[in-house]
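>>> prediction below, plus the sequence it came from.
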Amino acid sequence: MPIWNNAPPAATTGPALRIVRTPTSGQVSGAVTCTEIVGCATHFYQHRTIPCEPPNCPACADGIGWRWHGWVTAVLASTTEHVLFEFTATASDYFARYRDTYGTLRGCIFVASRVNNRPNARVIIRTKAHDPTKIHLPEAPEIQAALAHIWGLPPEQTNQNGKSRKADRIMIDRTKPITSPLN
């Protein structure tokens, strides 16, 4: 027999976050809540984005090229919704410069837009520091856990030994051929 009530629980937990990308026209703005970029090689395979999973990646086996995508958690300025903001390797340079200047991404105020109205136009991200006395940021959710949830992966596949781990620095090798991360 279910236990009925008339209100949702006060604290909802879980890794479910919506992925937000830079729109074709207009812009997206927010405040970063995590300390570092999290990224990986991905494929657009069978009508969706999936992570590249070497050495037995089905997309690599089918000859589908990969791209690197990065994510940060952010609170949107327009709605205060906590989301995953997704970007490509080129756009990650804006966040990397901010992190190198301030030692963290947490608190980075950003505005992302495209140079023109084409869906694949280059993304430009403007960043600035925030005043911690004027803005309260929530704790950042685990990006890897949220992506595992979105991609339908078991949580233990996202971290070594089942524990969360964060990279000290993300290095992007742009000289690598766009065929497979195994090269």
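Arrived safely.
>>> in the chain, which helix or strand is least confident?
Lowest on mean pLDDT, DSSP states H and E among the helices and strands of the chain sits helix 143-151, with a mean of 89.
>>> output the contacting helices and strands for that helix.
Helix 143-151 is packed against strand 38-45, strand 48-51, strand 67-76, strand 82-88, with contacts defined by 3 or more C-beta pairs under 8 Å, 6 or more residues apart in numbering; DSSP states H and E. In this view, the C-beta of every residue, glycine as well, is placed from N, C-alpha and C.
>>> buried sites along the first one?
Neighbour-count burial for strand 38-45 flags 38, 39, 40, 41, 42, 43, 45 (criterion: 16 or more other C-beta atoms under 10 Å).
>>> in the sheet, which strands lie alongside it, parallel or antiparallel?
Next to strand 38-45 in the sheet, as set by DSSP bridges, lie strand 48-51 (antiparallel), strand 67-76 (antiparallel).
>>> pick the most buried one from those strands.
strand 67-76 (a mean of 21; mean count of other C-beta atoms under 10 Å).
>>> coming back round to it: out of the helices and strands packed on helix 143-151, which is closest to residue 102?
strand 67-76 (13.7 Å; C-beta to C-beta).
>>> angle of the closest one against strand 82-88?
Relative orientation of strand 67-76 and strand 82-88, computed by axes from the mean of the first three to the mean of the last three C-alpha atoms, to 10 degrees: 150 degrees.
>>> pull the distance from strand 67-76 to the chain's centre.
2 Å (C-alpha atoms, centre = their mean, to the nearest Å).
>>> show me where the chain dips below the pLDDT cut-off.
1, 9-15, 155-183 (pLDDT under 70).
>>> for it, which segments count as helices?
For the chain, helices defined by DSSP state H occupy the ranges 58-61, 89-102, 143-151.
>>> so which other helices or strands are in contact with the shortest one?
What that stands for is helix 58-61. Using 3+ C-beta pairs under 8 Å, 6+ apart: helix 58-61 touches strand 38-45.
>>> redo that, cut-off 7 Å
Counting contacts by 3 or more C-beta pairs under 7 Å, 6 or more residues apart in numbering; DSSP states H and E, helix 58-61 packs against no other helix or strand.
>>> now do the buried residues in it.
With burial defined by 16+ other C-beta under 10 Å, the residues of helix 58-61 counted as buried are 59, 60.
>>> that helix: how far from the chain's middle?
Using C-alpha atoms, centre = their mean, the offset of helix 58-61 from its chain centre is 23 Å.
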